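Q: Take this sequence and fold it.
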Amino acid sequence: MNSRKNSGRMVLRCGAFTWVNPLCLVCILFFFACSHDRAKSNEKVLPVNTMKQVVWDMLRADEYYLRKTQFDSLHRLDQENFRYYEQVFRAHGVNRKQFYESWKWYQSHPTVFQLLIDSVDALGMRQRNEANRRFGAPPTTPGSSSSSPKDQ
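A: Got it, this is the predicted structure:
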């Protein structure tokens, strides 16, 4: 690597690249250092596919709990829904701390969070269409309502 003065500025020559200012080198090193930290923090975050399955099963557990307690308010006091969540975590090999730390990370990264929510929605749509196919109902499309105008 050669260096020489060029009109008051230090010019670094390294192979085919020439930097007029060492500040560029500092910026590049800073960028790679930040991306390394980001990769390190991602190691603790559950992957989108795992989160998708866990979130979907938690939504199903909530639905089951709400239907079960709809007419019997005594069940609401025992916080059975949290036991359902623990069952979901065990089924996916995840603990509560991992899930909630990952959830916070996804919420703080809107583009990845949107990907997660969209994939949960698509999973729900696929499962709904599969159930409709089994029972002979027409498939559901995104944006369609589950109730017909006659019901309203």
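
Q: got the buried residues for the helix or strand hosting residue 117?
A: Here residue 117, judged by DSSP states H and E, is contained in helix 110-135. Neighbour-count burial for helix 110-135, counted by 16 or more other C-beta atoms under 10 Å, picks out 112, 113, 116, 119, 120, 123. C-betas here are computed from N, CA, C, even on glycine.

Q: pLDDT score for the third one?
A: Looking at residue 116, its pLDDT reads 96.

Q: Now do the contacts for it.
A: 48, 51, 52, 55, 106 (C-beta atoms under 8 Å, 6 or more residues apart in numbering).

Q: Not counting its neighbours along the chain, what's nearest residue 84?
A: residue 61 (3.8 Å; C-beta to C-beta, 6 or more residues apart in numbering).

Q: Let's see the helix or strand encompassing that neighbour as PDB, backbone CA atoms only.
A: Taking DSSP H and E as the definition, residue 61 sits inside helix 48-69. Extracted as PDB, the C-alpha positions of helix 48-69 are listed here (Å, rounded to 0.1, in the frame of the first residue of the first chain):
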ATOM      1  CA  VAL A  48     -39.600 -16.300  11.000                       C
ATOM      2  CA  ASN A  49     -40.900 -19.800  10.300                       C
ATOM      3  CA  THR A  50     -40.700 -20.800  14.000                       C
ATOM      4  CA  MET A  51     -42.300 -17.600  15.100                       C
ATOM      5  CA  LYS A  52     -45.000 -18.000  12.500                       C
ATOM      6  CA  GLN A  53     -45.900 -21.500  13.900                       C
ATOM      7  CA  VAL A  54     -45.800 -20.300  17.500                       C
ATOM      8  CA  VAL A  55     -47.900 -17.200  16.900                       C
ATOM      9  CA  TRP A  56     -50.400 -19.200  14.900                       C
ATOM     10  CA  ASP A  57     -50.800 -21.700  17.700                       C
ATOM     11  CA  MET A  58     -51.000 -19.000  20.300                       C
ATOM     12  CA  LEU A  59     -53.800 -17.400  18.300                       C
ATOM     13  CA  ARG A  60     -55.600 -20.700  18.100                       C
ATOM     14  CA  ALA A  61     -55.100 -21.200  21.900                       C
ATOM     15  CA  ASP A  62     -56.600 -17.800  22.500                       C
ATOM     16  CA  GLU A  63     -59.600 -18.600  20.300                       C
ATOM     17  CA  TYR A  64     -60.100 -21.900  22.200                       C
ATOM     18  CA  TYR A  65     -59.900 -20.100  25.500                       C
ATOM     19  CA  LEU A  66     -62.300 -17.400  24.500                       C
ATOM     20  CA  ARG A  67     -64.900 -19.900  23.200                       C
ATOM     21  CA  LYS A  68     -64.500 -22.000  26.400                       C
ATOM     22  CA  THR A  69     -65.000 -19.000  28.700                       C
END
